[in-house]
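S.K.: When you get a sec, could you give me coordinates for this:
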Amino acid sequence: MESKLLSEKKIIIASYAHIVNGIYTTIGGPALAVKNYLLAKKIKCLVCVWQPLPISDTLSAIEEVFEYGEQSKKRKFNVVNWPFGRKKAISFIYILLKARDVISTLFFSLRLNDRFDIFIGVESLNAIVGILLRRLKVVRTVIYYNLDYGEIRFKNRVLNYIFHALDIFSVTHADYTWNLAEGIIAARNKRGSLKKETRHPLLVPIGIDLSAIRPLNVEQIKRKTIVYLGTLSWTQGVGLIVEALPEILKSMPDVKLVIIGSGQFEETLKRMVAKNNLSKHVTFMGIIPNNEVNDILCGCALGIAPYFPDPYSVMRGSDPTKPKMYLACGLPVIITRVPPIAGLIEKNKAGLVIGYSKEELTNAVLRLLEDEELYLECRKNALETAKQFDWINIMDKAFSYNY
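M.R.: Alright, predicted model coming up:
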């Protein structure tokens, strides 16, 4: 059978999403970038099934249908906005929403009464729905897009077993697996129940829309402003930045910290800032549109990513967006040696790699703010390193296969 051109294909994407004030944020993962890429290609039909995370404003699943790049339908699978347990990692509402994901994706896909060339399921449960739809001859090819993988994904042994069972089933029954990092493939292959991946494991890392970012000349940036972008949680290390700030201010009283994002640690952070009389130095931006995020990042001097070194963290084999956003905006990155990208930043001299300690973070910030020669070298290398993460190049390669 002759392969269709991408523009003539019909594709379904099923993914979780983070929606706040009607804005789809990057916390919702790379599916938005896949959507935008396919819309730009004006493919015959694109169906997006969005499953809002518990921390979103709404819990109702959303279906968007596009034909040759133009939206033709938008529907909701209504779910009650249950107010309890939505900020916990695992809760009763978390389990219920997994049922919502399965039912809504099946509902939307079958209701279309059509056949599709490709189903992209972000995370294993969505991939399994795609495998079922393939059995029903609704879709022809299933791609399992795996984002978070960890040997101990959940501390609860039952949940961890279920996670790996679903992952292995998806890998062995989907037609292709898109993995964020080589480490995910290696870690999965070490498990006794899966000696090798037999179903086309492909490397599809997180990318950045470089066309939407306009780095400034160094003379235009706020040279004493550092920034944190991302979920406000303890494991992301944002608390360490606030803890280190008083020591930084002793040497540089005019340093400012901008925090972009939201999360369960937000109120604790605000109390820490107030307790240490840092309100004049710290600005909480909350959730803002991506174009505003890009503008703010480009105007700052340093990007901070001090992930907590949990030995079982999924971040060790993951491919986080935050450091890549910093690099694309020309920000030297200060990062702990947790995600694989830390090694690349160190190798390319695009920032400084540190241990998880207040002292090392303080010294790294002061070193890059005080040493102009080092700063300019790291800034130049950051922009050069970011070029390899262009979403268009990554997606071109991912869709070059004969799916």
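S.K.: now N294: how far from P306?
M.R.: Distance of N294 to P306, computed by Cβ to Cβ, to the nearest Å: 22 Å. All C-beta spots, glycine's among them, are computed from the backbone N, C-alpha and C.
S.K.: out of those two, which sits in the more crowded spot?
M.R.: Between N294 and P306, P306 has the larger neighbour count (other Cβ atoms under 10 Å), namely 25 against 19.
S.K.: quick one, what contacts the more buried one?
M.R.: The contact partners of P306, by Cβ atoms under 8 Å, 6 or more residues apart in numbering, come to G237, V238, L240, I241, I334, I335, T336, I354, Y356, L361.
S.K.: Y24 too?
M.R.: Under the criterion of Cβ under 8 Å, 6+ apart, the contact partners of Y24 comprise A17, H18, L32, W50.
S.K.: Among the residues you listed, name the ones in helices.
M.R.: Among the contacts of Y24, the members falling in helices are L32 (criterion: DSSP state H).
S.K.: Just among the contacts of Y24, which is most surrounded?
M.R.: Taking other Cβ under 10 Å as the neighbour criterion, W50 ranks highest of these with 26 neighbours.
S.K.: Enumerate the beta-bridge partners assigned to that residue.
M.R.: Each beta-bridge partner of W50 is listed here, defined by DSSP bridges: S15, I62.
S.K.: Can you tell me the element S170 falls in?
M.R.: Element membership of S170, judged by DSSP states H and E, is helix 157-173.
S.K.: How far does that helix sit from its chain's centre?
M.R.: Averaged C-alpha coordinates place helix 157-173 at 21 Å from its chain's average position (Cα atoms, centre = their mean, to the nearest Å).
S.K.: quick one on the thing from earlier: in terms of model confidence, name the weakest of the contacts of Y24.
M.R.: In this model, the minimum pLDDT among those belongs to H18 (86).
S.K.: how far away is that residue from N146?
M.R.: The separation that H18 has from N146, given Cβ to Cβ, amounts to 18 Å.
S.K.: Number of residues surrounding the residue nearest to A31 when sequence neighbours are not counted?
M.R.: With Cβ to Cβ, 6 or more residues apart in numbering as the measure, S15 is the residue that lies nearest to A31, at 3.5 Å, once sequence neighbours are left out. The burial count assigned to S15 is 24, neighbours taken as other Cβ under 10 Å.
S.K.: got the contact list for S15?
M.R.: For S15, counting by Cβ under 8 Å, 6+ apart, the contacting residues are 28-29, 31, 48-51, 120-123, 126, 145.
S.K.: Check N291 too.
M.R.: Contacts for N291 (Cβ under 8 Å, 6+ apart) come out as A212.
S.K.: For this structure, which segments are assigned as helices?
M.R.: 31-40, 92-111, 124-135, 157-173, 182-189, 238-251, 266-275, 290-298, 322-328, 341-347, 358-370, 372-386, 391-398.
S.K.: Would you mind writing the CA trace of the last one as PDB?
M.R.: I take that to be helix 391-398. The C-alpha trace of helix 391-398 is given here as PDB (Å, rounded to 0.1, in the frame of the first residue of the first chain):
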ATOM      1  CA  TRP A 391      10.300  21.700  17.500                       C
ATOM      2  CA  ILE A 392      10.000  21.900  13.700                       C
ATOM      3  CA  ASN A 393      13.100  19.800  13.200                       C
ATOM      4  CA  ILE A 394      12.100  17.300  15.900                       C
ATOM      5  CA  MET A 395       8.600  16.900  14.400                       C
ATOM      6  CA  ASP A 396       9.900  16.600  10.800                       C
ATOM      7  CA  LYS A 397      12.100  13.700  11.900                       C
ATOM      8  CA  ALA A 398       9.300  12.100  14.000                       C
END
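S.K.: That one packs against which elements?
M.R.: With contacts defined as 3 or more Cβ pairs under 8 Å, 6 or more residues apart in numbering; DSSP states H and E, the secondary structure elements packing on helix 391-398 are helix 31-40.
S.K.: Roughly how far does the nearest residue to V34 once chain neighbours are set aside sit from L106?
M.R.: In space, not counting the residues next to it along the chain, V34 is nearest to I13; the distance is 6.0 Å by Cβ to Cβ, 6+ apart. According to Cβ to Cβ, I13 and L106 sit 15 Å apart.
S.K.: now I131
M.R.: Applying Cβ to Cβ, the value for I131 to L106 is 12 Å.
S.K.: Over to Q236?
M.R.: To L106, Q236 is 34 Å away according to Cβ to Cβ.
S.K.: Compare the two (neighbour count), which wins?
M.R.: For the pair Q236 and L106, the greater number of neighbours falls to Q236 (23 against 17), based on other Cβ under 10 Å.
S.K.: correct me, but the more buried one touches Y307?
M.R.: Yes. With contact defined as Cβ atoms under 8 Å, Q236 counts as touching Y307 (6.3 Å).
S.K.: Let me see the domain layout of the protein.
M.R.: Using automatic domain parsing, the domains assigned to the chain come out as 6-204, 211-389.
S.K.: Now C300: closest residue in space that isn't a chain neighbour?
M.R.: Of all residues apart from its sequence neighbours, V227 sits closest to C300 (Cβ to Cβ, 6+ apart), at 4.2 Å.
S.K.: what sits against the one you found?
M.R.: Applying Cβ under 8 Å, 6+ apart to V227 gives the contacts L257, V258, I259, I260, I296, L297, C300, L302, G303, I304, Y326, L331.
S.K.: before we move on, what about L366?
M.R.: If you count contacts by Cβ under 8 Å, 6+ apart, L366 has them with I248, S251, M252.
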